[in-house]
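Undergrad: Here you go, sequence then predicted model.
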Number of protein chains: 2
Amino acid sequence: MARTTQTGTLRVACVGAGNIGRSWAIAYAMGGAEVRLFDISEAALARAWTFIDAAADDFVAAGRLERKELLRERIHAVTSLTAALDDVHHVQESVSDDPAVKRAVFAELDALAAPSVTIGSSSGELPVSKFTEGLPGAGRCLLVHPVNPPHILRAIEICPTPWTERWALDACRTMVESMGMVPVDVTREINGYVINRLQYALIGEALHLVGEGYCEPKAIDAAIKHGLGLRWAFLGPFETSHLNATQGYREYMLTDEAGARRLMSDIRADYAWDHALIERIHGYLIQAMRSEDIVQHQQRRDRQLLSLMQHLQEQPQLAAAVDGPETKPVRGER
Amino acid sequence: MARTTQTGTLRVACVGAGNIGRSWAIAYAMGGAEVRLFDISEAALARAWTFIDAAADDFVAAGRLERKELLRERIHAVTSLTAALDDVHHVQESVSDDPAVKRAVFAELDALAAPSVTIGSSSGELPVSKFTEGLPGAGRCLLVHPVNPPHILRAIEICPTPWTERWALDACRTMVESMGMVPVDVTREINGYVINRLQYALIGEALHLVGEGYCEPKAIDAAIKHGLGLRWAFLGPFETSHLNATQGYREYMLTDEAGARRLMSDIRADYAWDHALIERIHGYLIQAMRSEDIVQHQQRRDRQLLSLMQHLQEQPQLAAAVDGPETKPVRGER
């Protein structure tokens, strides 16, 4: 039941107007879509409008939106699910992560939406198959999961269930790419998929370190925002490792292989990786950053870090808001 | 054997001129110190100078250094350890992570350095006690570990061994703060300390996901640099969670507690955290970001993200260098 290539304006129903749903509505509207934002709660919709208007102001200030009214012109709040789903190409579900709620909502969406409509779930942890199994239209249901807030961040995780049909996966991927977002392709389901597994691996170890008294919560936040997180703002973890050794990823992982294995075993991140896996990742990395060019890429990384930190420093009102008053200057000559 | 309060110019010996050692030399020089950069290899020192000169150019271009000659005036390369250690306040060890090498080097440093000199190790994984036990001056040895590259990133992990004396810990902490760096205080030793445990928890799960075919390496890097990493550039992981729910951290962790526990158990980040720990972290977070102000802080986060992404987008030569040619524009109105 493949839908024909969508021409003209994309129409999307965002189901659920909470933190994620209302942000999705803006994301789709910024991507050029006509959006129906559905919630059973009028209060949630009212809060969503406040949020949408504030975001519109920010987008105008950032030069990304010509006039703020455009978002209100493209987003329509509705309290009728039938009206929300009328003539749309895609439904984006962002209701509670409670499996029973998800199952009930998906049953209703599947019953109401035309067969050519894809239904993406914002489920953060639970595999979509857990609440779509047995639905007549299970083949057009799949994961389309953002990083909060989706109206700004570009990474969108996409994953089929065992019964998602190819046309639905392709349609969602194309839609996401056409809006300038970056698909994070997950090939098969797993609890938490890729984004939240990476995030919760770190969160879990952070809880362990604080819970067992190795450090205060503040040290965890400082280690990331003044250290690891600045690299991760423009380099993935594999790319980061690749630039941490003059010969690249292979050298980084295998020079002190025993130490790396000891550490990962100690934190129970003890997947039994072999050298073939390291070679495969190394092979991926050298496509963009050849081993013989690592020194130049390291220099570019350093310049990007300098420039990024300078930029963050020049936003004192923002830094102060999230970090308390910052008394120390960026390091420089003294 | 507490050293008296240091007045005048700080003098530091950086032992080992590899990736980390040479970057430390710049960090201390930028902090105003007179630096002896020691290596047994003339070739390593020559490579270090190339690196230092390039960094000096970058600091001048960024307006952080008045003239590039300052780094060469403050850093002195030496191949004699005695000359390196003469009359310094602090020694920064950055040799190979091989425990036998570390032990031999620390024995030599301890024999040569005056008793009032602190000796910091850049050990990334191995506890410093493993190679300082039994040394006459073990009390002035401790962890002083950066995130690569230390001449730019501000987070410095500091941790005593069981026999580190209070004066040495205090002296190193004061030194690091006085240079505008941010101490990440670790209260007692553990393999990988805080920084690398957080990093390797994520790296280990990334290897698992790729190794078991859940995704390609590219998806891991995209999930971080187009998603999680942009938040972590200015918010720690606890702060990030705090702003992911309208009522803050407690709500984020406990609204779907079963899901969070299931996910962490599944990725084996299954530390048995209790509600008291969540309350403690919540209490730390609301000092800077009160629950009733979360909505405003979320708005500030979103503006910071917008501005950060715009900044990265405006550095095409850097983005292209590490990311391959980027054809997609930052998302905006269409």
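TA: Sure thing, it's come through.
Undergrad: And the helices in the stretch 201-334 of chain A, which stretches?
TA: A:217-223, A:229-232, A:237-242, A:249-254, A:257-266, A:275-288, A:294-313, A:316-323 (DSSP state H, counting those that start in this stretch).
Undergrad: In a markdown table, list these along with distance to A:Ala62.
TA: C-beta coordinates here come from the backbone N, C-alpha and C atoms, glycine included. Shown next, in a markdown table, are those (distance: least, CB to CB, whole Å):
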| stretch | distance to A:Ala62 |
| --- | --- |
| helix A:217-223 | 26 |
| helix A:229-232 | 21 |
| helix A:237-242 | 27 |
| helix A:249-254 | 35 |
| helix A:257-266 | 40 |
| helix A:275-288 | 28 |
| helix A:294-313 | 14 |
| helix A:316-323 | 13 |
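Undergrad: would you list these in a markdown table and tack on distance to chain B?
TA: Shown next, in a markdown table, are the helices of the stretch 201-334 of chain A (distance: least, CB to the nearest CB, whole Å):
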| stretch | distance to chain B |
| --- | --- |
| helix A:217-223 | 2 |
| helix A:229-232 | 3 |
| helix A:237-242 | 5 |
| helix A:249-254 | 9 |
| helix A:257-266 | 4 |
| helix A:275-288 | 4 |
| helix A:294-313 | 4 |
| helix A:316-323 | 4 |
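Undergrad: rank these by mean pLDDT and give me the bottom one.
TA: Lowest mean pLDDT within these: helix A:316-323, at a mean of 50.
Undergrad: still on that earlier bit, want to try JSON lines for the helices of the stretch 201-334 of chain A, with mean neighbour count and distance to A:Tyr200 as columns?
TA: Shown next, in JSON lines, are the helices of the stretch 201-334 of chain A (neighbours: other CB atoms under 10 Å in any protein chain shown; distance: least, CB to CB, whole Å):
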{"stretch": "helix A:217-223", "mean neighbour count": "25", "distance to A:Tyr200": "14"}
{"stretch": "helix A:229-232", "mean neighbour count": "26", "distance to A:Tyr200": "16"}
{"stretch": "helix A:237-242", "mean neighbour count": "25", "distance to A:Tyr200": "15"}
{"stretch": "helix A:249-254", "mean neighbour count": "21", "distance to A:Tyr200": "23"}
{"stretch": "helix A:257-266", "mean neighbour count": "17", "distance to A:Tyr200": "16"}
{"stretch": "helix A:275-288", "mean neighbour count": "17", "distance to A:Tyr200": "22"}
{"stretch": "helix A:294-313", "mean neighbour count": "19", "distance to A:Tyr200": "26"}
{"stretch": "helix A:316-323", "mean neighbour count": "16", "distance to A:Tyr200": "22"}
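Undergrad: The helix or strand where A:Lys102 lies: which residues count as buried?
TA: Remark: A:Lys102 resides in helix A:99-112, with elements defined by DSSP states H and E. Across helix A:99-112, burial judged by 16 or more other CB atoms under 10 Å in any protein chain shown covers A:Pro99, A:Lys102, A:Arg103, A:Val105, A:Phe106, A:Ala107, A:Leu109, A:Asp110.
Undergrad: ok, then the element right after that helix?
TA: strand A:118-121.
Undergrad: For the helix or strand just after that following strand, which outside residues touch it?
TA: Beyond strand A:118-121 in the direction of the C-terminus, DSSP H and E gives the next helix or strand as helix A:129-132. Residues outside helix A:129-132 that contact it (CB atoms under 8 Å, 6 or more residues apart in numbering or on different chains) are A:Pro99, A:Lys102, A:Arg103, A:Phe106, A:Asp110, A:Ser121, A:Ala138, A:Cys141, A:Thr161, A:Pro162, A:Trp163, A:Glu189.
Undergrad: And for stretch A:261-270?
TA: Contacts for stretch A:261-270 (CB under 8 Å, 6+ apart): A:201, A:205, A:208, A:271, B:125, B:190-192, B:196-197, B:200-201, B:203-205, B:208, B:268-270.
Undergrad: Got the domain ranges for chain A?
TA: A:11-185, A:215-316 (automatic domain parsing).
Undergrad: any idea which of these scores lowest on pLDDT?
TA: domain A:215-316 (a mean of 92).
Undergrad: May I have the helix holding A:Lys102 as CSV, with CA atoms only?
TA: Output of helix A:99-112 as CSV, limited to C-alpha atoms (Å, rounded to 0.1, in the frame of the first residue of the first chain):
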residue,chain,number,x,y,z
PRO,A,99,2.7,1.0,26.8
ALA,A,100,-1.1,0.7,27.4
VAL,A,101,-1.6,4.3,26.3
LYS,A,102,0.5,3.9,23.3
ARG,A,103,-1.3,0.7,22.3
ALA,A,104,-4.7,2.3,22.6
VAL,A,105,-3.6,5.4,20.7
PHE,A,106,-2.0,3.4,17.9
ALA,A,107,-5.2,1.3,17.5
GLU,A,108,-7.2,4.4,17.1
LEU,A,109,-4.7,6.1,14.7
ASP,A,110,-4.6,2.9,12.6
ALA,A,111,-8.4,2.7,12.4
LEU,A,112,-8.8,6.4,11.4
